[in-house]
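S.K.: One predicted model, sequence on top.
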Amino acid sequence: MTGYAGKSIKVDLTKKEVSIFDTPVELCNEYLGGRGIGVRMISDRITYDYNSHDMPLIFATGPLVGTSAPTSGRMSVISRSPLTGTVFDCSVGGKFGTELKKAGFDFIEIVGISDKWVLLEIDNGNVAIKDSPNLYGKNISDVRSILDGRGSYASIGMAGEKQVRYASIVFDGHYCAGRGGLGAVMGAKKLKAIKVKGDGKIPVADPDGLKLARQEIMRLLRASQAVFGEFGLSEFGTAALVDLIHARRMEPTHNFRETMFSDASKYSGYNMKIYYKAKKAGCAGCPVLCKKIGANGEVIPEFETVSHFGALNGCNDLSAIVEANRICNEYGIDTITAASTIACYSEINERFLSPDEMIRLLVNIGMRDEGIGDMLAEGSLRYATLKGHPELSMSVKGLELPAYDPRGAYGMALAYATSNRGGCHLRAYPISHEILRKPVSTDRFSFEGKARMIKIAEDLNAVIDSLTACKFVFFAASLEEYAKAINAVTGENYDVQSLLKIGENIWNLERHLNELNGFTKSHDDLPERFFREGGTSSRNIRIPPIDREKFLKARENYYRIRGYSK
Ligand code: SF4
């Protein structure tokens, strides 16, 4: 099958051994790549602790990586989450995946624990484990100054070294495998960084077919207001959502006690673009370029980050929000969990924090400073439980909720609850239907039809993460166009239904793996607050509490459609 490099790497850090193996073609047929392959590869070891010798950390590209398919520069990192205990994958951009594939490899499986800090270096066909005393104790910008150059790299900062439970892995200096703490898995293995460089080419079965598929996708992207429109993603990045979510009265504010923050416009995509003179940037192979970099090199935060360091923590100081994002990138910390954990701390201690205090706490967390840093480095649920208030952790399965209040979009409520990796907006991304009205608009305040919608969207996103493409492109294009692209690359004959079946199998495997670790239906639930307290109603928009009976009925409906009995 073309579209794959054909070889993969296994590294045992305990034995300091590297082996090269043939990429398993039958698994590629069944699971495509990225998230699907990664989840399958760790499935026989999923009950091990995240920091055990045998728990694998997988870096997986997909069949489209390194080809001319739009958004073909993404890849996945997979392991068991130190934060949630669930199986966990992160989709990440940058150019690491492209370089890895050009170096001749599809996947890297890392097991074992090194006795000292090491760097894994991949230079075309050569793979070596190297001591890295010069990298140890360094944050991301220092690592960057050492490793920057030709090729790409993935690294942890101090938070990963100290096994903060929501440490991220940072690629090429600022693309993050952010959620779930996979940086702590890397830190537990004493693997500080991976550097990769490749010069090869990715074989494609039908170059003309790929060209046509690309043209179709590009036509749809250019016609899409959400992507290339005046107020779209390409122009303002994901922060284009700030105004929209504000107007819908569904921005989580003060640890989800309210759903409207009057100063939100200060960190809107438009304001940040003007203030920082932001330019477009993005992942390899992407025509959209939704990332934004300021004139002085500031990394402009994503929507979830500005909203959670802003509204969720009651902070209207744009420079403090951008600084909070910088610190998270620097130490390698997930911004959503960090901001939520601080908001939870603030509510439990019954006081609002100043921007300076918020930033100091982030540094405490990144260094796991004794006392408060150490406690908050465990995430909001462990902290709130320690303080006798688990109900104030606004999380599902221990993963903190992002910046879409579920009281303002009931599909999102159901998607948070059923998500296999916990409180995540990207497993189904119903915001596309409920707020952006793409590809089909639905009533955001109704559970009607949501169970089936969420099931299909979960399967679809499992496919997207396994190809490995970018979800944002699916505001415009669909699996129909991507099926043509993958067939042209691999020479196979997938159609929409066969791809969705693969997505369903991946989803069911993830759920099964979570069951092996003790997860049951009781974990498919939302924090109590959403059923007891309403949000901030105004401008003729009422945000009542979610009707629990209706939520439970929709959840039962979802189980029935999925065929889950227990
Ligand atoms: S749309 Fe944004 S996140 Fe997606 S591939 Fe392009 S630059 Fe990366």
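M.R.: That came through fine.
S.K.: Near the residue in the stretch 301-450 of the chain that the ligand sits nearest to, how many other residues are there?
M.R.: Per C-beta to the nearest ligand atom, E302 is where the stretch 301-450 of the chain lies closest to the ligand, at 9.1 Å. Placement of C-beta: from N, CA and C, glycine included. By the criterion of other C-beta atoms under 10 Å, E302 has 23 neighbours.
S.K.: Need the distance between the two termini of stretch 310-320.
M.R.: Chord length of stretch 310-320, first to last residue, is 9 Å (C-alpha to C-alpha, to the nearest Å).
S.K.: Which positions in that stretch come out as buried?
M.R.: Residues of stretch 310-320 classed as buried under the neighbour-count rule (16 or more other C-beta atoms under 10 Å) are 310-318, 320.
S.K.: got these as JSON lines, with distance to the ligand, secondary structure and pLDDT columns?
M.R.: Converted to JSON lines, the buried residues of stretch 310-320 look like this (distance: C-beta to the nearest ligand atom, whole Å; DSSP: H, G, I helix; E, B strand; the rest coil; pLDDT from 0 to 100):
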{"residue": "G310", "distance to the ligand": "21", "secondary structure": "coil", "pLDDT": "98"}
{"residue": "A311", "distance to the ligand": "23", "secondary structure": "helix", "pLDDT": "98"}
{"residue": "L312", "distance to the ligand": "22", "secondary structure": "helix", "pLDDT": "98"}
{"residue": "N313", "distance to the ligand": "25", "secondary structure": "helix", "pLDDT": "98"}
{"residue": "G314", "distance to the ligand": "29", "secondary structure": "coil", "pLDDT": "97"}
{"residue": "C315", "distance to the ligand": "25", "secondary structure": "coil", "pLDDT": "97"}
{"residue": "N316", "distance to the ligand": "27", "secondary structure": "coil", "pLDDT": "96"}
{"residue": "D317", "distance to the ligand": "26", "secondary structure": "coil", "pLDDT": "97"}
{"residue": "L318", "distance to the ligand": "22", "secondary structure": "helix", "pLDDT": "97"}
{"residue": "A320", "distance to the ligand": "25", "secondary structure": "helix", "pLDDT": "97"}
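S.K.: tell me the two of those residues that are most distant?
M.R.: Largest separation among the buried residues of stretch 310-320 by C-beta to C-beta: L312 and L318, giving 15.2 Å.
S.K.: Quick check: closest non-adjacent residue to the residue in the stretch 201-350 of the chain that the ligand sits nearest to.
M.R.: Nearest residue of the stretch 201-350 of the chain to the ligand (C-beta to the nearest ligand atom) works out as G282 at 2.8 Å. Among residues not flanking G282 along the chain, L289 sits closest, at 3.7 Å (C-beta to C-beta, 6 or more residues apart in numbering).
S.K.: doesn't the one you found fall inside a strand?
M.R.: No: counting by DSSP: H, G, I helix; E, B strand; the rest coil, L289 falls outside a strand, being coil.
S.K.: what about it, how many residues close to it?
M.R.: Neighbours of L289 under the rule other C-beta under 10 Å: 15.
S.K.: Just the C-alphas of stretch 189-202, formatted as PDB.
M.R.: These are the backbone C-alpha positions of stretch 189-202, laid out as PDB (Å, rounded to 0.1, in the frame of the first residue of the first chain):
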ATOM      1  CA  LYS A 189      10.700   8.100  30.500                       C
ATOM      2  CA  LYS A 190      13.400  10.700  30.800                       C
ATOM      3  CA  LEU A 191      13.100  11.500  27.200                       C
ATOM      4  CA  LYS A 192      13.600  15.200  26.900                       C
ATOM      5  CA  ALA A 193      13.300  15.600  23.100                       C
ATOM      6  CA  ILE A 194      13.100  14.000  19.700                       C
ATOM      7  CA  LYS A 195      14.800  15.500  16.700                       C
ATOM      8  CA  VAL A 196      14.000  14.400  13.200                       C
ATOM      9  CA  LYS A 197      15.200  15.200   9.700                       C
ATOM     10  CA  GLY A 198      14.200  13.600   6.500                       C
ATOM     11  CA  ASP A 199      14.800  14.200   2.800                       C
ATOM     12  CA  GLY A 200      12.800  11.400   1.100                       C
ATOM     13  CA  LYS A 201       9.600  11.500  -0.900                       C
ATOM     14  CA  ILE A 202       6.300  10.000   0.000                       C
END
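S.K.: Give me the distance from that stretch to the chain's centre.
M.R.: Relative to its parent chain, stretch 189-202 has a centroid offset of 20 Å by C-alpha atoms, centre = their mean, to the nearest Å.
S.K.: Enumerate the residues of the stretch 1-150 of the chain near the ligand.
M.R.: Taking C-beta under 6 Å from any ligand atom as the contact definition, the stretch 1-150 of the chain meets the ligand at 71, 74, 93.
S.K.: how does it look with 8 Å?
M.R.: 71, 73-74, 93 (C-beta under 8 Å from any ligand atom).
S.K.: Same list, those residues, but as JSON lines with neighbour count please.
M.R.: Shown next, in JSON lines, are those (neighbours: other C-beta atoms under 10 Å):
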{"residue": "T71", "neighbour count": "28"}
{"residue": "G73", "neighbour count": "28"}
{"residue": "R74", "neighbour count": "29"}
{"residue": "G93", "neighbour count": "25"}
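S.K.: TSV for these, including pLDDT?
M.R.: Listed next are these as TSV, based on pLDDT from 0 to 100:
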residue	pLDDT
T71	91
G73	92
R74	96
G93	95
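S.K.: Let me know the closest of those residues to N124.
M.R.: Looking across those and measuring by C-beta to C-beta, the closest to N124 is G73, at 18.9 Å.
S.K.: May I ask you to confirm that that closest one is in contact with G285?
M.R.: Yes: counting by C-beta atoms under 8 Å, G285 is a contact partner of G73 at 4.1 Å.
S.K.: can you list residues touching both of the two?
M.R.: Common contacts of G73 and G285, defined by C-beta atoms under 8 Å, 6 or more residues apart in numbering, comprise T98.
S.K.: how close does the residue nearest to G282 sit to K279?
M.R.: To K279, L289 is 9 Å away according to C-beta to C-beta, to the nearest Å.
S.K.: need the residues of the stretch 251-400 of the chain near the ligand, please.
M.R.: Within the stretch 251-400 of the chain, the positions adjacent to the ligand are 281-283, 285-291 by C-beta under 8 Å from any ligand atom.
S.K.: from the residues you listed, which has minimum pLDDT?
M.R.: Confidence by pLDDT is poorest for G285 among these, given 86.
S.K.: Would you enumerate the residues in contact with V39?
M.R.: V39 sits next to 31, 78, 87, 89, 506, 509-510, 513 when contact means C-beta under 8 Å, 6+ apart.
S.K.: Which member of those residues is positioned nearest the ligand?
M.R.: The ligand lies nearest to D89 out of the contacts of V39, by C-beta to the nearest ligand atom, at 15.7 Å.
S.K.: wait, what's in contact with the closest one?
M.R.: By C-beta under 8 Å, 6+ apart, the residues touching D89 are 34-35, 38-39, 76-78, 421, 465.
S.K.: For it, what are phi and psi?
M.R.: phi -130, psi 150 (degrees, to the nearest 10).
S.K.: From K277, how far off is the closest residue to the ligand within the stretch 451-566 of the chain?
M.R.: Using C-beta to the nearest ligand atom, the closest approach of the stretch 451-566 of the chain to the ligand is made by C470 at 3.2 Å. For C470, the distance to K277 (C-beta to C-beta) stands at 25 Å.
S.K.: ok, how many other residues are close to the closest residue to R40 other than its chain neighbours?
M.R.: Take R40 and drop its neighbours on the chain: the residue closest to it by C-beta to C-beta, 6+ apart is Y31, 5.0 Å away. Look at Y31: counted by other C-beta under 10 Å, it has 24 neighbours.
S.K.: Next up, the contacts around Y31.
M.R.: 37, 39-40, 466, 502, 505-506.
S.K.: TSV for the residues you listed, including pLDDT and secondary structure?
M.R.: Supplementary listing: the contacts of Y31 in TSV, determined by pLDDT from 0 to 100; DSSP: H, G, I helix; E, B strand; the rest coil:
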residue	pLDDT	secondary structure
I37	98	helix
V39	98	helix
R40	98	helix
S466	98	helix
I502	98	helix
N505	98	helix
I506	98	helix
